[in-house]
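In: heads up, no residue letters with this:
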């Protein structure tokens, strides 16, 4: 008897394709989590991009807000699907002060439940099924699902470099590469609909200079391509002036938010994504946003976004936290210091083990080159080596599969999801592993 298919084509695809290939091992590792005294041989998960470095600060502030304030009446009712007006105002003020350093009108913001929802919503409002989104490689693997599963957009991984050393002066993306990609995409019957940049980048930690952003914006406006910059790690910056790190930055790039350029041009082709998940370490709160001067896009987001809205209670709690400028300034400073300390623990160990790594300006990652240990430069050898690291050390890294880069043997380590003592234990285990490979 032939089993009748009861799912749609999208449903069939979703049931057969895991969101990411490392989730099963992640759940396994979390069930056997390392503890220095209670479980010293336990696993250490360093593959999921979470930031727990300053959670205790934010938790205490949230608890204070809920103790000292009555819940307003509007929280129990429907509100604007794009975000409650008071929450939009509080967020716009926060981002203007801490991220973009330029005015951000509240009416240019639209919210939904997490970064994934924002990417998905933006994709189906700007693109048509079969259109193409170009992303410099390596890049966040789950972009493929966010853009493709429901909106139906294709992902094009733009190869800007081969070796890490080529990124010393920044990401080598230019308009010639974009034009070549456009010609290839159109020759294959698709449309180059959007260019997506992440700054600071996932996984490399690189940033785009303001001059680069201006040139790329010029090209995109001229070619009617939507340029979207994802600044989800915009406040997760490394202190590159640290005396033990400064030599890695002989020609430092200054981070300037794309929001500044957007405020100058107010172009319907320029957009920014942000979420509180990474910089504030509250991925479970599910707060993502689109910033755009494209009025019809914001209106469309509101009209189509009811099913993606954020809980009013979450909006109220976070607006009260965001309005406390003194607290947020202290939080951002401490978070960046702890991130820098964690980054230093990792890169000092990599230096001692002669492991090449990408110098980072920000994000929650270290992107390292372990290609010297591969038996052969293939996807299968790369996958097997990732499993070998986990099986022999109990340290779970993010596999390179899905990042879209042509070089094999590059791996991502999340440095912000564990405390610094656990991070030191992970590097101790990895050091022993690397030495045994020689």
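Out: Looks like it came in fine. This is a predicted model, so every value here is computed, not measured.
In: going by C-alpha atoms from here, please, whenever you check contacts or count neighbours.
Out: Will do.
In: now the helices for this protein?
Out: All helices of the chain, identified by DSSP state H, fall at 9-16, 23-31, 55-68, 85-95, 115-126, 143-148, 175-187, 210-222, 258-265, 295-304, 312-322, 325-352, 379-393, 420-437.
In: closest one to residue 75 among those?
Out: For residue 75, the closest of the helices of the chain is helix 312-322, at 5.0 Å, according to Cα to Cα.
In: re the thing from before, relative to residue 407, which of the helices of the chain is closest?
Out: Residue 407 lies closest to helix 379-393 among the helices of the chain, at 9.6 Å (Cα to Cα).
In: okay, angle between the closest one and helix 23-31 too, please.
Out: Here the directions of helix 379-393 and helix 23-31 differ by 10 degrees (axes from the mean of the first three to the mean of the last three Cα atoms, to 10 degrees).
In: and helix 379-393, what's its mean pLDDT?
Out: Helix 379-393 comes out with an average pLDDT of 95.
In: okay, buried residues for it please.
Out: Neighbour counts over helix 379-393 (16 or more other Cα atoms under 10 Å) mark 381-383, 385-387, 389-390, 393 as buried.
In: would you list those in JSON lines and tack on distance to residue 417?
Out: JSON lines is the format used below for those (distance: Cα to Cα, whole Å):
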{"residue": "381", "distance to residue 417": "27"}
{"residue": "382", "distance to residue 417": "24"}
{"residue": "383", "distance to residue 417": "23"}
{"residue": "385", "distance to residue 417": "23"}
{"residue": "386", "distance to residue 417": "19"}
{"residue": "387", "distance to residue 417": "20"}
{"residue": "389", "distance to residue 417": "19"}
{"residue": "390", "distance to residue 417": "17"}
{"residue": "393", "distance to residue 417": "18"}
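In: pull the most distant pair out of those residues.
Out: Top of the distance list for the buried residues of helix 379-393 (Cα to Cα): 381 and 393, 18.0 Å.
In: picking that back up, can you redo the helices of the chain as a markdown table with distance to residue 234?
Out: Output for the helices of the chain, formatted as a markdown table (distance: least, Cα to Cα, whole Å):
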| stretch | distance to residue 234 |
| --- | --- |
| helix 9-16 | 31 |
| helix 23-31 | 26 |
| helix 55-68 | 18 |
| helix 85-95 | 10 |
| helix 115-126 | 14 |
| helix 143-148 | 18 |
| helix 175-187 | 24 |
| helix 210-222 | 14 |
| helix 258-265 | 10 |
| helix 295-304 | 22 |
| helix 312-322 | 16 |
| helix 325-352 | 11 |
| helix 379-393 | 29 |
| helix 420-437 | 22 |
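In: of all the ones you listed, which one is nearest residue 244?
Out: Judged by Cα to Cα, the one of those that comes nearest to residue 244 is helix 325-352, at 7.8 Å.
In: could you check the angle helix 420-437 makes with that closest one?
Out: Going by the same axes, to 10 degrees, helix 325-352 makes 20 degrees with helix 420-437.
In: check the offset of helix 325-352 from the chain's centre.
Out: Relative to its chain's centre, helix 325-352 lies at 17 Å (Cα atoms, centre = their mean, to the nearest Å).
In: now swap in stretch 248-268 and tell me
Out: Here stretch 248-268 is found 17 Å from its chain centre; the criterion is Cα atoms, centre = their mean.
In: list the contacts for residue 26?
Out: Counting by Cα atoms under 8 Å, 6 or more residues apart in numbering, residue 26 touches 45, 47, 396.
In: among the helices of the chain, which is nearest residue 413?
Out: Residue 413 lies closest, by Cα to Cα, to one member of the helices of the chain: helix 325-352, at 9.2 Å.
In: tell me which residues in the closest one are buried?
Out: Buried residues in helix 325-352 (16+ other Cα under 10 Å): 328, 331-332, 335-347, 349-350.
In: repeat that for stretch 205-212.
Out: Residues 205-210, 212 are the ones in stretch 205-212 that count as buried (16+ other Cα under 10 Å).
In: what's the domain layout of this protein?
Out: 9-56+328-437, 71-323 (automatic domain parsing).
In: reformat the ones you listed as JSON lines; add distance to residue 63.
Out: Converted to JSON lines, those look like this (distance: least, Cα to Cα, whole Å):
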{"stretch": "domain 9-56+328-437", "distance to residue 63": "11"}
{"stretch": "domain 71-323", "distance to residue 63": "9"}
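In: and these: which comes nearest residue 64?
Out: Across those, residue 64 has its closest neighbour in domain 71-323 (9.5 Å, Cα to Cα).
In: give me the nearest residue to residue 362, chain neighbours excluded.
Out: Distance criterion Cα to Cα, 6 or more residues apart in numbering; nearest residue to residue 362, sequence neighbours excluded, is residue 237 at 4.0 Å.
In: which residues touch the one you found?
Out: Residue 237 sits next to 200, 336, 339-340, 361-363 when contact means Cα under 8 Å, 6+ apart.
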